[in-house]
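Novice: Got a predicted structure plus its sequence, pasted below:
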Amino acid sequence: MFRIGLGHDTHRLGPGNGLVLGGIVIPHERQSLGHSDADVLLHAITDALLGAAALGDIGEMFPDTDSANRGRDSGDMLQRAMQRLTAAGWRLVNLDCVIFAQRPTILPHRPRIRERIAGLLGVDIDAVWLKAKTGEGIGPIGQEEAIAAECVALIEQWPQTTNI
Ligand SMILES: [Zn+2]
C-alpha cells in the first residue's frame, strides 16, 4: 500500500548570519526566525511524512510550549518523525520539495541539501528532489520578509506483503 503526504511551512526572516535550510547553513545576511532552528524545509518534510502515515504533525510532536524544543535541531525532529513511521511499518519512497525564497539563490546549494536530507532519512539521494521559486519581488516572500517550503512525500508499507 502506498500513501502520500503534504507538508507546508512558513517562517519570518530577520537580520542574521546564515540561513538554516534543509539541514545545512547557507551564507546569507538574513535568517529564519522561530522557536527551533527554524529550518522551514525540514519542517515541511517532517509534516509531509507524518501526514502520509496519519501519525500526527510537527506541532503536536514538538510543541513550541515545551522549552526542550527551543533552538532544537530540526534534523533531530525529522529523524524522530521518520522513526515513528518506521515503527509503524512504513518506509519512504521519495520526496519532492519546493522552497519559496527571493534570496539567496538556492540551486547552487541543492546538491548539499539533497545529500543532507537523504542522509538524515537513510534513503538514496535520488529519492530527494528540490526546486526553488522566488516571490517575483512581491508579497512577503518577494520582499524577503518570509521564507516558505512545501513537500510531498510518498511512503509504502514495509515489508511489503503479497496479496494473492
Ligand atoms: Zn517551521
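Specialist: Received, thanks.

Novice: Helix, strand, or coil at the most centrally placed residue in the chain?
Specialist: Taking CA atoms, centre = their mean, the centroid of the chain lies closest to L42, which sits 2.2 Å from it. Each residue gets one of three states, and L42 gets helix by DSSP: H, G, I helix; E, B strand; the rest coil.

Novice: Show the contacting residues for it.
Specialist: By CB atoms under 8 Å, 6 or more residues apart in numbering, the contact set of L42 is 22-23, 74-75, 77-78, 117, 120. No exception for glycine: its C-beta is placed from N, CA and C like everyone else's.

Novice: secondary structure element for T46?
Specialist: Secondary structure here is read from DSSP states H and E; on that basis T46 sits in helix 40-52.

Novice: What part of the chain, helix or strand, is modelled with the least confidence?
Specialist: Every helix and strand of the chain was ranked by mean pLDDT, DSSP states H and E. The lowest is helix 58-61, at a mean of 94.

Novice: is the ion contacted by it?
Specialist: No: Helix 58-61 lies out of reach of the ion by CB under 5 Å from the ion, never closer than 7.1 Å.

Novice: Pull out the buried residues from that helix.
Specialist: Of the residues in helix 58-61, those buried under the neighbour-count criterion (16 or more other CB atoms under 10 Å) are 58, 61.

Novice: And for stretch 11-27?
Specialist: 11, 13, 19-24, 26.

Novice: Does G89 touch W158 like I think?
Specialist: Yes: counting by CB atoms under 8 Å, G89 touches W158, with 6.2 Å between them.

Novice: show me what contacts the residue in the chain that the ion sits nearest to?
Specialist: Taking CB to the ion as the measure, the chain has H43 as its residue closest to the ion, at 3.4 Å. With contact set as CB under 8 Å, 6+ apart, H43 has these partners: 7, 9, 36, 58, 74, 77, 149.

Novice: Swap in 10 Å and give it another go.
Specialist: 7-11, 32, 34, 36-37, 58-59, 62, 74, 77-78, 149, 151 (CB atoms under 10 Å, 6 or more residues apart in numbering).

Novice: same question, E145
Specialist: 12-14, 30, 102, 135, 139.

Novice: Let's see which of those residues end up in helices.
Specialist: The helices in this structure, assigned by DSSP state H, contain G139 from these.
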